[in-house]
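**Q** got a predicted structure plus its sequence, pasted below:
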Amino acid sequence: MTESLMSSASPSRSLTGSGRHLRNPRLIEAAVIPLAALLTAVILFSVFLLALGKSPVTFFSLVWTGGFSSWFSIQNALQRAAPLILTGLAFAIPARIGLTLLGAEGALVLGGFTAAVVAIPFLGVAPAPMIMLVMMLSAVTIGAAWVGLAGWLKHHRGVNETISSLLLTYIAIAIVSFLIEGPFRDPKSANKPSTLPLGPDLRVGDIWGTSVHWGLAAGLVLAVVLWVLMERTSFGFAARMTGGNLRAAQGQGLPVGRLMIACCAIAGACAGLAGFFEIVVIHGQANASLAAGYGFTGILVAFLARQNGLAVVPVAILFGALDASGGLVQRRMEMPDATMLVLQGMIFIVLLVSDTFYGRLPFFDYNRGGDRT
């Protein structure tokens, strides 16, 4: 069946993959439009700053200082980029099969909480490496199952995946809040309800010679692995074919339902892994700080990266730098910490608008490669 699929899809593949003279316009377009959208958002945000009586030059110079000007700043940006890589992948993978999932935030929170809770019975009993392995597997499994449920509802019940995944996110956060403030609350956490602290033995250290934790390395490896999966395997080809034309995929006999659920499960596993690293690196216990918005920012990262697993990495670093410079902007320019959220919102809106320009700009010779698929 795979061979028949390859042969039947060979004309489509030749438009985007085989001949250089057919492929280049697509690649240029895929790079130019997101960059133009980012520049447009910067211009709009500059106008916003001028309306407030603030200097855009000062703002973006502080962003550069806080995110890239020194090795300390770069490490700070990389530290904050680690969960964004994983949550960006959690949106990008289902998007390749045509699904718009907003469930990464819920899977991250639920995965982090699960990692913190499953470790409690083993504290002081089992070796630390074994406990951490159980924590990681538990977080990945619960994340995969939670987001995979949205894929199951989509295939078997026709439930819109965007709505179901968003509702599942709110349900996950509510469940975790209830459990943290109820049966799993540490009696000593008076001001901020939290689970029992895990202790220093159950914490992940930094990459050698840096102040960047191993969650970044995990994100980089996973980005490469998932790019290979989606671009260089029959599974990825079948997923992309399903995302491009669902009826054609069904007509070819592809297991559309299993593909959807598998992509959703992979997305949930990525978000659950992000939750695990939030516990073992940042918090050391589960509390309300797990819901930091990384899952929603990951949507913007994936959009700007055009759902490309490798492109997610530099985009996540960019947004990590924005996050890292937020405090500096707040102090130097006397602006609220929500300023970066305004910038991110503008980028997101402009990106959504820019999506309508693909295949329609006169600067790219689409006819050289045939009709745009």
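**A** Perfect, I can see it now. Numbering: from 1, shown residues only.
**Q** what helices or strands is the helix or strand Gly88 falls within leaning on?
**A** Gly88 belongs to helix 71-96 when elements are defined using DSSP states H and E. Using 3 or more CB pairs under 8 Å, 6 or more residues apart in numbering; DSSP states H and E as the contact test, the elements touching helix 71-96 are helix 56-67, helix 104-119, helix 214-232, helix 234-244, helix 256-277, helix 294-304, helix 309-324. Every C-beta, even on glycine, is put in place using the N, C-alpha and C of the backbone.
**Q** tell me what angle the last one forms with helix 71-96.
**A** Right, helix 309-324. If you take axes from the mean of the first three to the mean of the last three CA atoms, to 10 degrees, helix 309-324 sits at 130 degrees to helix 71-96.
**Q** same question for the longest one.
**A** Using the same axes, to 10 degrees, the direction of helix 256-277 lies 160 degrees away from that of helix 71-96.
**Q** now helix 256-277: buried residues?
**A** 256, 259-277 (16 or more other CB atoms under 10 Å).
**Q** just the third one next, same as before
**A** Within helix 214-232, the residues that qualify as buried by neighbour count (16+ other CB under 10 Å) are Trp214, Gly215, Leu216, Ala218, Gly219, Leu222, Ala223, Leu226, Trp227, Leu229, Met230.
**Q** and the helices and strands packed on helix 71-96: which comes nearest Leu202?
**A** Closest to Leu202 of these is helix 104-119 (CB to CB; 6.0 Å).
**Q** by contact count, what packs against the closest one?
**A** Applying 3+ CB pairs under 8 Å, 6+ apart, one finds that helix 104-119 makes contact with helix 71-96, helix 128-157, helix 161-181, helix 256-277, helix 294-304.
**Q** just put these in JSON lines and tack on distance to Phe235.
**A** As requested, the helices and strands packed on helix 104-119 are arranged in JSON lines below (distance: least, CB to CB, whole Å):
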{"stretch": "helix 71-96", "distance to Phe235": "11"}
{"stretch": "helix 128-157", "distance to Phe235": "15"}
{"stretch": "helix 161-181", "distance to Phe235": "19"}
{"stretch": "helix 256-277", "distance to Phe235": "8"}
{"stretch": "helix 294-304", "distance to Phe235": "19"}
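**Q** next, format the ones you listed as JSON lines and append mean pLDDT and distance to Ser354.
**A** As requested, the helices and strands packed on helix 104-119 are exported to JSON lines (pLDDT from 0 to 100; distance: least, CB to CB, whole Å):
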{"stretch": "helix 71-96", "mean pLDDT": "95", "distance to Ser354": "16"}
{"stretch": "helix 128-157", "mean pLDDT": "96", "distance to Ser354": "27"}
{"stretch": "helix 161-181", "mean pLDDT": "96", "distance to Ser354": "20"}
{"stretch": "helix 256-277", "mean pLDDT": "96", "distance to Ser354": "24"}
{"stretch": "helix 294-304", "mean pLDDT": "94", "distance to Ser354": "9"}
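**Q** ok, back up a step: Pro34: which of the helices and strands packed on helix 71-96 is closest?
**A** Closest to Pro34 of these, according to CB to CB: helix 294-304, at 5.4 Å.
**Q** in PDB, list the C-alpha atoms belonging to that closest one.
**A** Below are the C-alpha coordinates for helix 294-304, written out as PDB (Å, rounded to 0.1, in the frame of the first residue of the first chain):
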ATOM      1  CA  TYR A 294       3.600  28.100  27.900                       C
ATOM      2  CA  GLY A 295       1.100  25.900  26.100                       C
ATOM      3  CA  PHE A 296      -0.700  28.900  24.600                       C
ATOM      4  CA  THR A 297       2.600  30.600  23.600                       C
ATOM      5  CA  GLY A 298       3.600  27.400  21.900                       C
ATOM      6  CA  ILE A 299       0.700  27.900  19.500                       C
ATOM      7  CA  LEU A 300       2.200  31.200  18.400                       C
ATOM      8  CA  VAL A 301       5.700  29.600  18.100                       C
ATOM      9  CA  ALA A 302       4.300  26.800  15.900                       C
ATOM     10  CA  PHE A 303       2.400  29.300  13.700                       C
ATOM     11  CA  LEU A 304       5.500  31.400  13.100                       C
END
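**Q** so what touches stretch 176-192?
**A** Outside of stretch 176-192, the residues within contact range by CB atoms under 8 Å, 6 or more residues apart in numbering are 109-110, 113, 117, 120, 193-197, 285-288, 290.
**Q** list buried residues within the residues you listed.
**A** Val109, Leu110, Phe113, Val117, Pro193, Ser194, Thr195, Leu196, Gln285, Ala286, Asn287, Leu290.
**Q** now the end-to-end length of stretch 198-208.
**A** Distance between the boundary residues of stretch 198-208 (CA to CA, to the nearest Å) amounts to 23 Å.
**Q** what sits up against that stretch?
**A** Counting by CB under 8 Å, 6+ apart, residues outside stretch 198-208 touching it are 116, 119, 123, 128, 131-132, 135, 212-217, 277, 279-281, 284-285.
**Q** name the SS class of Thr100, please.
**A** What DSSP: H, G, I helix; E, B strand; the rest coil gives for Thr100 is coil.
**Q** surely it meets Leu166?
**A** No. Thr100 is beyond contact range of Leu166, at 9.9 Å (criterion: CB atoms under 8 Å).
**Q** compare neighbour counts for those two and give me the winner.
**A** Neighbour tally, Thr100 and Leu166, criterion other CB atoms under 10 Å: the higher count belongs to Leu166, 19 against 14.
**Q** what's the closest non-adjacent residue to the more buried one?
**A** Nearest non-adjacent residue to Leu166, counting by CB to CB, 6 or more residues apart in numbering: Leu102, 4.4 Å away.
**Q** circling back: closest to Gly66 out of the contacts of stretch 176-192?
**A** Taking CB to CB as the measure, Gly66 lies nearest Leu290 of the contacts of stretch 176-192, at 24.1 Å.
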